[in-house]
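Participant: Sequence plus predicted model, see below.
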Amino acid sequence: NYIIGAFKPACNISITFSDGKTRKQVPLKKENGKTVMVPLFQSQENIAGKISVEPVQGKKVEHNGIKIELLGQIEMYFDRGNFYDFTSLVRELDVPGEIYERKTYPFEFSTVEMPYETYNGVNVRLRYVLKVRNYTPPPSINTSIKMEVGIEDCLHIEFEYNKSKYHLKDVIIGKIYFLLVRIKIKNMDLEIRRRESTGSGANTHVETETLAKFELMDGAPVRGESIPIRLFLSPYELTPTHRNINNKFSVKYYLNLVLVDEEDRRYFKQQEVTIYRLADTS
Amino acid sequence: MISDGIEDEEKWLAEGIAGIQHNAFYMHRALDSNNLREALKYSSQLLSELRTSRLSPHKYYDLYMRAFDELRRLEMFFKDEDKHGCSVVDLYELVQHAGNILPRLYLLCTVGSVYIKSKEAPAKDVLKDLVEMCRGVQHPLRGLFLRSYLAQVSRDKLPDIGSEYEGDGDTVNDAVEFVLQNFAEMNKLWVRMQHQGPIMVKDKLEKERNELRDLVGKNLHVLSQIEGVDLEMYKDTVLPRVLEQVVNCKDELAQYYLMDCIIQVFPDEYHLQTLEILLGACPQLQPTVDVKTVLSQLMERLSNYAASSPEVLPEFLQVEAFTKLSSAIGKVIAAQVDMPIVGAITLYVSLLTFTLRVHPDRLDYVDQVLGACVKKLSGKAKLEDSKATKQVVALLSAPLEKYSDIVTALTLSNYPRVMDHLDNGTNKVMAMVIIQSIMKNNTRVSTAEKVEVLFELIKGLIKDLDGTPMDELDEEDFKEEQNSVARLIHMLYNDDPEEMLKIICTVRKHIMTGGSTRLPFTIPPLVFSALKLVRRLQGQDGDVAGEEDPATPKKIFQLLNQTIESLSSIPFPELALRLYLQCAEAANDCDIEPVAYEFFTQAFVLYEEEVADSKAQVTAIHLIIGTLQKMNVFGVENRDTLTHKATGYSAKLLKKPDQCRAVYACSHLFWVDDQDGIKDGERVLLCLKRSLRIANAAQQMANVTRGSSGPVTLFVEILNKYLYFFEKGNPQITSAAIQGLIELIRTEMQNDTSTTDPASDAFFASTLRYIEFQKQKGGAMGEKYDPIKV
């Protein structure tokens, strides 16, 4: 990703992080659909490195000073171009002058507070011009979700998800018990739905998208049958749950259990789960 | 509409195949270039073709097999980590990312198989996971095939005893547990199939379902192949679990098939040791299940097992196989109230076959089976169901075949009671079977007691049973039957005359109830059998003194007299007459004059009173003459009386030629060519002369009535008689008389009115040749003949 747009293309600017070789890189999908690898940072980390400015051959670069800025932005797509910066850190690197040849400046932002994660949504994007990812310790309380639902005299099921909070690479384990089946079920899916709400008050905009549609069952079960659930979350592009980020947006995840009968009627039950990011052990 | 359905199905199948082929092509390409991601993608698409609901099991199988082949290639690829660079553990997760369940589970099973093989995880964990995950497919057809695939790929990877996957906590228990669970789930799916689709096509559904049964049964086969399933495990785990599934599924088709499967796939020895458990399930099956076939199969197997080696027999005794089977059958019959009687009897037939093969020495068992059958039949008068009847016949025939000795069957107290339940026709058939068995095996029935039982058994042949109208009987069959009875009577024999007499009395008692149509068949053999006894006694007279109820010829003759009398009371006088004569002859040999005389008297009385037909009279009189001629017991007076009667009746026959012949036959009565036989030449001549007179009269009568005299046959016959007595040295027969007779015949032959008959001419010519021959022979006889000119 580009870091800052303050320079004209009269010179090449490159940034290297001091731990650039070892720092973890993650893919990031750009607006044009291409994926690039970007370095990954966490809150409270030091961001240090060097910037080198190299004028195009034989030319000089006049500048009004060189500075490096770390921005945390939230961008609403419906209000394009309007960035809301929640973080802005600046380091002055040079006074105004001219550069004739390659010049390198070291920089460092130490223990930077980056409260929010980078997020790319439908209507909203949160980005650091450095990519930031925060890890959450495993939640201390993580109860299973167990629920009995049904339509009277028609369908009674009990479902169980082993947790209510899942990390991004987690596996949802569970079971669905069929207590009463009087309809001809064709199949059953588990969907992961993401609800992104942006704005506030009257301007709140809610967008829901289905990120995963995972078939759990094929055919019609009979009473007493129990169907296992095992859904690996890793293949899906999930983000952690975000609750009211800077009063600008929220992202919530739901597990939606959908039963479809032979007449293509859908019976479903939606259940919120929290997604969090767990530190990579590797 | 329906034909459209079939065409559509063909089309859908073709589409499915095309889909598989298309994706297989890309999958192969991915495999060749070691591209795991692409391989998974295309294999998943390929497997998606199996998601169809539109094919019948048959067609679906076709599709499945094609996918199966492709999965084999994929499995090879998975095994080779070098090619795809993904550890099997990761692969196991990776394939679970597939969104559609069916391709996902097929891939999971495929990787699972590789996973077990890699031994990176305990086989039991992988197996357990696979069999659990497969629950996600609840569609019967697709689920069955998926689980069948699982069974197939896991088959050689079960942690069986001696298998490389055993150990480290993987025991045969896990293998069994896995197969049992897969079996239970498959069976549930299979049973559920019937509830799919509209009712109208129920028959078709059942047929389709039947096609799939081997997929389910295969699991039992796998179980039976697991080395580690020893008797104990079979008894404690496998069988109870399988039976639980069988009983609980409450499905007729499944129950029948699976019971049969259990019986067929597991070793006989196990069945024997677990009979109680296996049999315990039978009464719990649905009432419509064909339990009888199931049990029959079981008993069949067990009897084969027993027959295979004598060493196993103690096992049968030890586990009380018979008692258990017997009580199980009782329970099944009690539980299935709607079972037709034929079903119950079929069961008893199987049990009986089993008993006969396994415990041939236990007649009490056999009787017990028959007893149970009687109990079942009681309350119903006669069987009307022809199939049931057939089974009863089988039931009754089995002991006969086995023991090839009716005597054994006779000791079975319930045997006749079973027979009582047969309708009259079948009863007879059965009786015939019994008789034929006796004939075939040449069985001697040697005590009166057994004869009594035997005749009780075959009473259908001996007398009219209630309610059989006579006119329904086929005459030929009837004759056949009665002839069989007659033959049977000859098979009853005991060396001891006392017992033999008892036998005869018993037989007599029975056959006398037979009525006028049977007596002519049954009395003669009885009479001859009695006469045989008489002859036997004749050889050893005197020994019998002192016995309380001695079997003396006299006694037998009294019996015979009464017996034959009953024949004459019904219109069979000719037969009675013959029998009287036979008896007379026997009495003669026994030197009992009064008895012989009595028999002759009876014969004559019959002749006088009952034999009216002229032809019959001719036959009868000749018989009388013949028999009488042989008699030497009579004193002069008695003899005179009888011969007088005989000649008298001879001359009173209706037709002249008959008269003539009878009279010249009488001549023998006065000349017995024995040492101390009577030789009354005068009366011989008298007879011959009389016959000549009659012959003359016959010729004249013929002249008057037909205008031509008859042939000279009679004269030639008389000439022969003359020659006979001449040769025997009767002084009253002279060569002159013979000469005269020859001349007479010649004259008769030249008579215009005589009809020429080549036969009688030839007869005469040869008679003359004989005289010539004798003359030329010379010696005493030649001299004697010399005066005669021919």
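Facilitator: Received the coordinates, thanks.

Participant: What residues sit buried inside the host helix or strand of residue B:720?
Facilitator: Using DSSP states H and E, residue B:720 sits in helix B:713-728. Buried residues in helix B:713-728, counted by 16 or more other Cβ atoms under 10 Å in any protein chain shown: B:713-719, B:721-726. The way it works is simple: take the backbone N, C-alpha and C, and place the C-beta from them, glycine included.

Participant: how much space between the residue of the stretch 601-750 of chain B found nearest chain A and residue B:626?
Facilitator: Of all residues in the stretch 601-750 of chain B, residue B:610 sits closest to chain A, at 87.2 Å by Cβ to the nearest Cβ. Counting by Cβ to Cβ, to the nearest Å, the gap from residue B:610 to residue B:626 is 20 Å.

Participant: the more surrounded of the two?
Facilitator: Taking other Cβ atoms under 10 Å in any protein chain shown, residue B:610 and residue B:626 do not tie; residue B:610 has more neighbours (18 against 14).

Participant: Next to chain B, which bits of the stretch 151-282 of chain A? Give me the list.
Facilitator: For the stretch 151-282 of chain A, the residues in contact with chain B (Cβ under 8 Å from any Cβ of the partner chain) are A:187, A:212-222, A:225-228, A:230, A:232, A:234-235.

Participant: mind listing which of those residues are in strands?
Facilitator: Counting by DSSP state E, these place A:187, A:212-218, A:226-228, A:230, A:232 in strands.

Participant: Just the buried subset of these, please.
Facilitator: By 16+ other Cβ under 10 Å, these give A:187, A:212, A:214-218, A:227-228, A:230, A:232 as buried.

Participant: Which single residue in the stretch 151-282 of chain A comes nearest to chain B?
Facilitator: Closest approach between the stretch 151-282 of chain A and chain B, counting by Cβ to the nearest Cβ: residue A:219, at 2.7 Å.

Participant: Am I right that that residue is in contact with residue B:143?
Facilitator: Yes. Using Cβ atoms under 8 Å, residue A:219 is in contact with residue B:143, at 6.5 Å.

Participant: what is in contact with those two at once?
Facilitator: Residues touching both residue A:219 and residue B:143 (Cβ atoms under 8 Å, 6 or more residues apart in numbering or on different chains) are residue B:137.

Participant: and the gap between the residue in the stretch 301-450 of chain B that chain A sits nearest to and residue B:286?
Facilitator: When distances are taken as Cβ to the nearest Cβ, the stretch 301-450 of chain B reaches nearest to chain A at residue B:335, 26.3 Å away. Noted for residue B:335: a distance of 10 Å to residue B:286, by Cβ to Cβ.

Participant: Same question for residue B:133.
Facilitator: According to Cβ to Cβ, residue B:133 and residue B:286 sit 32 Å apart.

Participant: And the two? Which one has more around it.
Facilitator: Legend: neighbour count by other Cβ under 10 Å for residue B:133 and residue B:286, higher for residue B:133 (22 against 16).

Participant: and the lowest-mean-pLDDT helix or strand in chain B, what other elements does it pack with?
Facilitator: Lowest on mean pLDDT, DSSP states H and E among the helices and strands of chain B sits helix B:406-410, with a mean of 72. Here helix B:406-410 touches helix B:386-403, helix B:424-441, helix B:448-457, going by 3 or more Cβ pairs under 8 Å, 6 or more residues apart in numbering or on different chains; DSSP states H and E.

Participant: Out of these, the one nearest residue B:256 is which?
Facilitator: Set against residue B:256 and scored by Cβ to Cβ, the helices and strands packed on helix B:406-410 come closest in helix B:386-403, at 19.2 Å.

Participant: For the closest one, name the packing helices and strands.
Facilitator: Helices and strands touching helix B:386-403, by 3+ Cβ pairs under 8 Å, 6+ apart, are helix B:341-358, helix B:363-377, helix B:406-410, helix B:415-419, helix B:424-441.

Participant: Adding mean neighbour count, write these out as CSV.
Facilitator: Listed next are the helices and strands packed on helix B:386-403 as CSV, based on neighbours: other Cβ atoms under 10 Å in any protein chain shown:
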stretch, mean neighbour count
helix B:341-358, 24
helix B:363-377, 20
helix B:406-410, 21
helix B:415-419, 21
helix B:424-441, 19
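
Participant: Spatially central residue for chain A, please.
Facilitator: By Cα atoms, centre = their mean, chain A has its centre lying nearest to residue A:239, at 3.0 Å.

Participant: mind checking pLDDT for that one?
Facilitator: Per-residue confidence (pLDDT) for residue A:239: 88.

Participant: same thing with residue A:6?
Facilitator: 40.

Participant: swap in residue A:281?
Facilitator: 59.

Participant: and if you look at residue A:215?
Facilitator: pLDDT recorded at residue A:215 is 95.

Participant: Around the residue lying closest to it once chain neighbours are set aside, how many other residues sit close by?
Facilitator: Once flanking residues are discounted, residue A:215 sits nearest to residue B:101: 4.2 Å by Cβ to Cβ, 6 or more residues apart in numbering or on different chains. As a burial measure, residue B:101 scores 28 neighbours (other Cβ under 10 Å).

Participant: again with the one 10 residues further on
Facilitator: One way to gauge burial is a neighbour count; for residue B:111, by other Cβ under 10 Å, it gives 27.

Participant: and the helix or strand hosting it, what does it pack onto?
Facilitator: For residue B:111, the element it lies in under DSSP H and E is helix B:101-118. For helix B:101-118, the contact count by 3+ Cβ pairs under 8 Å, 6+ apart identifies strand A:205-218, helix B:36-48, helix B:57-79, helix B:88-94, helix B:123-133, helix B:140-154 as packing neighbours.

Participant: So for the shortest one, what gets flagged as buried?
Facilitator: Taking 16+ other Cβ under 10 Å as the neighbour-count basis, helix B:88-94 is seen to contain the buried residues B:88, B:91-94.

Participant: so which of the residues you listed comes closest to residue B:430?
Facilitator: Closest approach between those and residue B:430, by Cβ to Cβ: residue B:92, at 69.6 Å.

Participant: ok, the closest one touching residue B:111?
Facilitator: Yes. At 5.1 Å, residue B:92 counts as touching residue B:111 under the criterion of Cβ under 8 Å.

Participant: Much appreciated, bye for now.
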